[in-house]
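>>> Turn this into a model:
(chains A and B)
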There are 2 protein chains.
Amino acid sequence: MNKKDKIVIIGAGLCGSLLALRLAQRGYKIELFESRPDLRKVDISAGRSINLALSDRGFKALRLCGVEEQAKEICMPMYGRLIHDRKGNEFSSNYSGRENEYINSISRGDLNGVLLTEVEKHKNVTLYFNTRSKKVDLDNATVYFTNYLTNKETIVKADVIFGADGAGSSLRKSYYLEKKFLFSFSQNYLNHGYKELEIPASKKGKHQISKEHLHIWPRGDFMLIALPNLDGSFTVTLFLSYNEGEFNFENLTSEEKITQFFEQEFPDALKLIPNIKEEFLNNPTGVLGTVKCSPWFYQNKTTLMGDAAHAIVPFYGQGMNASFEDITVFDEVLDQNLESWEAVFKAYQKVRKPDTDAIADLAIDNFHEMRNHVANPVFKEKRKLEMSLEKTFPTEYFSKYSLVTFNENIGYNEALKKGRAQDKVLLNLIADDSIQTKTDMTKPELRVILEKVKIETNKTLEEDKIARL
Amino acid sequence: MNKKDKIVIIGAGLCGSLLALRLAQRGYKIELFESRPDLRKVDISAGRSINLALSDRGFKALRLCGVEEQAKEICMPMYGRLIHDRKGNEFSSNYSGRENEYINSISRGDLNGVLLTEVEKHKNVTLYFNTRSKKVDLDNATVYFTNYLTNKETIVKADVIFGADGAGSSLRKSYYLEKKFLFSFSQNYLNHGYKELEIPASKKGKHQISKEHLHIWPRGDFMLIALPNLDGSFTVTLFLSYNEGEFNFENLTSEEKITQFFEQEFPDALKLIPNIKEEFLNNPTGVLGTVKCSPWFYQNKTTLMGDAAHAIVPFYGQGMNASFEDITVFDEVLDQNLESWEAVFKAYQKVRKPDTDAIADLAIDNFHEMRNHVANPVFKEKRKLEMSLEKTFPTEYFSKYSLVTFNENIGYNEALKKGRAQDKVLLNLIADDSIQTKTDMTKPELRVILEKVKIETNKTLEEDKIARL
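Numbering: from 1, shown residues only, chains lettered A, B, ... in the order given. Down below sits the predicted model:
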């Protein structure tokens, strides 16, 4: 915990950059290593998600590090989902009944660039690009890097190593392979992969569909989504099974079949994606996986952070936000002035892990919800009711989505418990016809429903507690 | 699916032996490889659990293979738990209200010996000892073995390979390392380890405590258990944290501290374990882990079975039973005469995996229950009530324990869902004082309770279903 400790951060992606920035602000001496070239100079977006959803947990961390306003300048607000059915009908579903609650589409590269430029302003940070970590010698706190351009090996001895090297973390792999301690670890893949496509801007440089929504074409076993970019384009992502169903990534190998699939399932979207065939055949198919592990740290030498510790599927739009929140929480632990890095790492994991486990599970929940439930009548009725409750009782009712996305002072785990109980109660009350939902309900009518939901939710939570679930 | 296919089974433990036996009975040609010496000739129990609990799912598989009676001859029935408190008081808690429902303590080595001797009667099986699999070349269905005695490598090409090589499976490791497909995988360790100790037989060769019970000394954060052996001894197992609490495996390193720990926590047991100090210091500390993975198979070439596919913690006494049940289920799939080994493996995993996932989770439930809840008043009241319900309505009421342990025609997953819902309902009804439990309840009084539990359980299951939990 000496300010003279040599801190090595592996990975200058979103998490590693923000971590470096915060530790630099606190006066630590940092060497930050990135396997790729400087993304401000080279276009290296291929194969990675081009835009992401930034929301309140992310903003809180950016605010802590003094870069919130810079991020906001490149944000595109999305106020809700715009659902597209097979016939081309649209219906919108807001993210919240409160006006100031929305999520934002932001370019991964642009935001990463903002953070790197901020990091470079600090003299106590040295930044290396094109330097990939191959493995970490845990007992000696030493990283073995290979330079991407020269292929030369560099061996870097540190006092403390942070592995912010993403879902395929080399530090985490060293934990697994070195077997120095009991390392609990899971990697769980969905049977769905994803492929990115593009809706270009109109000839006048405008957005061709609403730029204020996250667009979804839910089709049960698969779905298409689209997020707006600043330049008028949309990044479209197809989520589809590798090998199940009539259409899947394994059998969509010919232009004819791809066209047939899109004409049948997404005719309106197809018209907007002029390069569908080339993009479909040339863009990589990405995997969707969840990684959990424990412990994150080894003695007073190393710890994992961000996706390296807790990679999640993208369906809650919380991957980046969770990684940024890591830095908020880590910073709070640093404020406790504990006696050693090991004590810091331990305290950090203790407070943080239940929340990162929870967001991993919530993201899987939303995978099912987005593909399927959004087109289910009970679910739609529930969302509509929740919007009315949030609008009418903005300080009293918070949906699961709102707890997770817009309530940055509640942990994900609390949001999961309360949110799931509330969802269960609402879905059951609607399915049983125990509450009447109609359009234009009066405040007293909604008040009756709110009180019922509150009582039943508390009862559900209490029952789970007694059963120790 | 040709009877001339060369089938290689890696591992002649309990699962591999029974699998070999069944496939031999069906007429397949098998080579069965075991890393250890022949346990009928050499004592190799060190470090592995010496006795195990055998119950109805295990018996069903043994019956299928014609070895049930031979197993029964070496069984020691245990009718319930005998709980020991710190003061030396005992209270018993039966496993079931039905007389014919009990579990059995059985020697792992003796049962494995029975199976090996049966296997050897089949000319279509060749058995190799001292031959350890190091890795499997998946595409070539080839196993790389090392002979334990000569250290020489043998390379065996097969048509089909079954990995029944336990929790540390070399086949599973090859799945992970070869990266030929998306391999979902988890290894989760408890922060508790275990150590085996012994209560020897009395001078007259008798059991010194009840031989008809599984003994438990639950102490919240840790516990001791004991299972009887045929020779009058008991195998005692201490489950204790590695590094948490006042006493743990990391700090119990001196004879004084070990004695102090046992005198304070298990004074009655201590008197019966004469070699406590040597045993504690010399016996290895075992790890407690859960392994889940998917897929279990690779094309038409390989599949995992038993602990290699689904290792679980020992707290439900179902590890061996689940592995044996694998063979029951696999045999049923073979009866379907599918077109290829791949189709068999796929159908087998589809029907089997929800159940092995469920028993893994149930075993973790019981870790908490055994350490803690068995001494909790609401839990004790619930168990007493369940015994009365089972006794009075033997065809109508089945506790979670009974569903899991004695109802071999219900899958673990169904047992989990129904059992957990029922537990939740009972614990809540008792905690709320919504049902009156007293000693000597009349049949009509119990009937009222039974009906209430049935209705509430169905309601709970229905509510979960609507919320898609």
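>>> What ranges in chain A fall below the confidence cut-off?
Chain A contains residues with pLDDT under 70 at A:44-49, A:372-375, A:469.
>>> which bits of it sit near chain B?
Proximity of chain A to chain B, by C-beta under 8 Å from any C-beta of the partner chain, involves residues A:182-189, A:242, A:287, A:289, A:292, A:368, A:373, A:378, A:420, A:423-424, A:427-428, A:431, A:463-464, A:466-469. Quick note: C-beta positions are derived from backbone N, CA and C, even for glycine.
>>> Run through the residues that contact the residue in the stretch 1-150 of chain A that chain B sits nearest to.
For the stretch 1-150 of chain A and chain B, the shortest gap (C-beta to the nearest C-beta) falls at A:Lys135, measuring 14.8 Å. Residues in contact with A:Lys135 (C-beta atoms under 8 Å, 6 or more residues apart in numbering or on different chains) are A:143-144, A:170, A:173-174, A:177.
>>> So what's the gap between stretch A:402-415 and the chain middle?
Relative to its parent chain, stretch A:402-415 has a centroid offset of 14 Å by C-alpha atoms, centre = their mean, to the nearest Å.
>>> what does that stretch contact?
By C-beta under 8 Å, 6+ apart, stretch A:402-415 touches A:55-57, A:59-60, A:95-96, A:98, A:101, A:103, A:316-318, A:322, A:325, A:354-359, A:362, A:390, A:398, A:400, A:416, A:418-419.
>>> Is the residue in the stretch 301-450 of chain A that chain B sits nearest to within a helix or a strand, and which one?
Ranked by C-beta to the nearest C-beta, the top residue of the stretch 301-450 of chain A for proximity to chain B is A:Lys424, at 3.7 Å. If you go by DSSP states H and E, A:Lys424 is part of helix A:412-431.
>>> count of residues packed around the spatially closest residue to the residue of the stretch 301-450 of chain A closest to chain B that is not a sequence neighbour?
Closest residue to A:Lys424 apart from its sequence neighbours, by C-beta to C-beta, 6 or more residues apart in numbering or on different chains: B:Ala467 at 3.7 Å. Neighbour count of B:Ala467, defined by other C-beta atoms under 10 Å in any protein chain shown: 17.
>>> right, and B:Ala467 touches A:Leu427 too?
Yes - using C-beta atoms under 8 Å, B:Ala467 makes contact with A:Leu427 at a distance of 5.2 Å.
>>> Mind jotting down where the strands sit in the stretch 51-200 of chain A?
Under the criterion DSSP state E, counting those that start in this stretch, the stretch 51-200 of chain A contains strands at A:51-54, A:76-78, A:80-84, A:90-94, A:103-107, A:125-128, A:131-137, A:142-147, A:153-157, A:160-163, A:184-199.
>>> most tightly surrounded among those?
Mean neighbour count (mean count of other C-beta atoms under 10 Å in any protein chain shown) peaks for strand A:160-163 among those, with a mean of 28.
>>> Just the C-alphas of the helix holding A:Lys424, formatted as PDB.
The C-alpha coordinates for helix A:412-431 follow below in PDB (Å, rounded to 0.1, in the frame of the first residue of the first chain):
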ATOM      1  CA  TYR A 412     -26.900  -5.500  -8.100                       C
ATOM      2  CA  ASN A 413     -27.600  -8.300  -5.600                       C
ATOM      3  CA  GLU A 414     -30.200  -6.200  -3.700                       C
ATOM      4  CA  ALA A 415     -31.700  -5.200  -7.100                       C
ATOM      5  CA  LEU A 416     -31.900  -8.800  -8.100                       C
ATOM      6  CA  LYS A 417     -33.600 -10.000  -5.000                       C
ATOM      7  CA  LYS A 418     -36.100  -7.200  -4.800                       C
ATOM      8  CA  GLY A 419     -36.600  -7.100  -8.600                       C
ATOM      9  CA  ARG A 420     -37.200 -10.800  -9.000                       C
ATOM     10  CA  ALA A 421     -39.700 -10.900  -6.100                       C
ATOM     11  CA  GLN A 422     -41.600  -7.900  -7.500                       C
ATOM     12  CA  ASP A 423     -41.700  -9.400 -11.000                       C
ATOM     13  CA  LYS A 424     -43.000 -12.700  -9.600                       C
ATOM     14  CA  VAL A 425     -45.700 -10.900  -7.700                       C
ATOM     15  CA  LEU A 426     -46.800  -8.800 -10.600                       C
ATOM     16  CA  LEU A 427     -46.800 -11.600 -13.100                       C
ATOM     17  CA  ASN A 428     -48.900 -13.700 -10.800                       C
ATOM     18  CA  LEU A 429     -51.300 -11.000  -9.900                       C
ATOM     19  CA  ILE A 430     -51.800 -10.300 -13.600                       C
ATOM     20  CA  ALA A 431     -52.100 -13.900 -14.600                       C
END
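>>> Name the residues of that helix that are buried.
A:412-413, A:415-431 (16 or more other C-beta atoms under 10 Å in any protein chain shown).
>>> residue contacts, the residue of the stretch 251-400 of chain A found nearest chain B?
Using C-beta to the nearest C-beta, the single residue of the stretch 251-400 of chain A nearest to chain B is A:Val287, 6.2 Å away. If you count contacts by C-beta under 8 Å, 6+ apart, A:Val287 has them with A:189, A:193, B:182.
>>> Among those, which one lies nearest to B:Tyr148?
B:Leu182 (34.0 Å; C-beta to C-beta).
>>> residue contacts, the closest one?
By C-beta under 8 Å, 6+ apart, the contact set of B:Leu182 is A:189, A:242, A:287, A:289.
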